[in-house]
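J.: here you go, sequence then predicted model.
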Amino acid sequence: MRFVDETCVSVTSGEGGKGCRSFRREKHVAFGGPDGGDGGRGGDVIIVATTRRSTLLELRGKTLWRAKRGEHGRGKQQTGANGEHTLIEVPIGTRVFDNDTNEVLADLTQHEQHWVAAKGGSGGKGNLFFKTSTNRGPNKTTPGGEAEKKNLRLELMLMADVGLLGFPNAGKSTFISAVSAAKPKVADYPFTTLAPSLGVVKIGFETSFVIADIPGLVEGASDGTGLGHQFLRHVSRTRVLAHLVSMGEHDEGAVYGGDPDTPDAIRRYHALRNELETYDQTLASRPEIIVLTKTDLVLEEDAQTIKAQFQESTGRPVYVISSATREGTPEIIDALWGLLRTLDEE
């Protein structure tokens, strides 16, 4: 399935039914009077978050959503039927924006949480409603309420406990496949992951946490370079960050700034940290661990030297792993679980 995390839709509620003007004219009914019923209420357009959806792909094929209008009132005091509601199912973690003003209208983060995107028009009043002691035969009725129309933008933000960060080819897909049942594409070239994916990491028999494999970011992501905003959006809801830095080969032509004498791995780390801080200071301040990956491709003493330099440069916990051989992965899981439990206790 192709992952789609943003789409636009137009929603229109149902109009209210008109009130009816009617009078009883039966031969054997004395003092017949007004008996026009009210119109039915128009249907709502409702957006519902559900676990049955994992992407906004299905909405790409249907951008116009309309609810049913209410039926008109009828004689014999019959009220028109209400219009049926229209439900739009979206994945949990979907935010709804007004596409004209960019205002956030709703943030759906729980299963079955719903939001009325367009409210149906009220039903009109029949002439029976206007009957009084002094006006026994009113001709007055009212029309149904108008439909409500909105242009909306839907954005999906993955709900995960841990977000994996790193430049392309940092080993994120290999890591998530090593610690969970997720099977993202793994290859020896950058940008193998073009859409975020989720994996569930089991802790014992009864507990687990969710980890998100965020596609590789590049410098300038906070300014929208590449698919920067789309990818950074999915990190925004994560509680803990795991920053993966590859010890293997990388793009030798890339320039990451900083002191040329500083190891390239550290400069890549700081370059991506700068993107996080530029995009969202709150996100950048969340608990984070650093994971040096692909250490099976370098000498052990070189890996330990880089680890010590990272600890001195960042002051953050640094771990050394090889996802291909599973070396060091249990320690990472324990560290992430410990951070999540600490957050739960606060």
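T.: In hand now; what should we look at?

J.: phi, psi for the nearest residue to Leu244 once chain neighbours are set aside please.
T.: Among residues not flanking Leu244 along the chain, Gly166 sits closest, at 3.8 Å (C-beta to C-beta, 6 or more residues apart in numbering). Backbone N, C-alpha and C define where each C-beta goes, glycine included. When read as degrees, to the nearest 10, the backbone of Gly166 gives phi 160, psi 160.

J.: my guess is Gly166 meets Val235, correct?
T.: No - counting by C-beta atoms under 8 Å, Gly166 stays clear of Val235, with 11.3 Å between them.

J.: who touches the residue lying closest to Thr86 once chain neighbours are set aside in this structure?
T.: Distances taken as C-beta to C-beta, 6+ apart place Ala67 nearest to Thr86, at 4.3 Å, with adjacent residues excluded. By C-beta atoms under 8 Å, 6 or more residues apart in numbering, Ala67 lies in contact with 12-14, 42-45, 83-86, 118, 120.

J.: at 10 Å what do you get?
T.: By C-beta atoms under 10 Å, 6 or more residues apart in numbering, Ala67 lies in contact with 11-15, 42-46, 83-87, 117-121, 147-148.

J.: then Leu152?
T.: Contacts of Leu152 by C-beta under 10 Å, 6+ apart are 7-11, 45, 47, 63, 65, 88, 96-100, 105-106, 117-118.

J.: please flag which of those residues sit within strands.
T.: Counted as lying in strands by DSSP state E, out of these, are 7-11, 45, 47, 65, 88, 96-98, 105-106, 117-118.

J.: got a PyMOL select line for the buried ones in those residues?
T.: Of those, the buried ones go into a single PyMOL selection, burial set by 16 or more other C-beta atoms under 10 Å:
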select buried, resi 7+9+11+45+47+65+88+96+97+106+117+118
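
J.: what is the lowest-pLDDT residue among the ones in strands among the contacts of Leu152?
T.: Lowest in pLDDT among the ones in strands among the contacts of Leu152 is Thr7, which has 89.

J.: for it, give me its contacts.
T.: With contact taken as C-beta under 10 Å, 6+ apart, Thr7 is in contact with 55-63, 90, 94, 152-156.

J.: of those, keep whichever come out buried.
T.: Using 16+ other C-beta under 10 Å, the buried ones in those are Thr55, Leu56, Leu59, Val90, Thr94, Leu152, Arg153, Leu154, Glu155, Leu156.

J.: distance to Lys294 and pLDDT added to the residues you listed, as CSV?
T.: Converted to CSV, the buried ones among the contacts of Thr7 look like this (distance: C-beta to C-beta, whole Å; pLDDT from 0 to 100):
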residue, distance to Lys294, pLDDT
Thr55, 30, 79
Leu56, 34, 84
Leu59, 39, 86
Val90, 37, 92
Thr94, 35, 91
Leu152, 43, 96
Arg153, 39, 94
Leu154, 37, 93
Glu155, 33, 87
Leu156, 31, 84
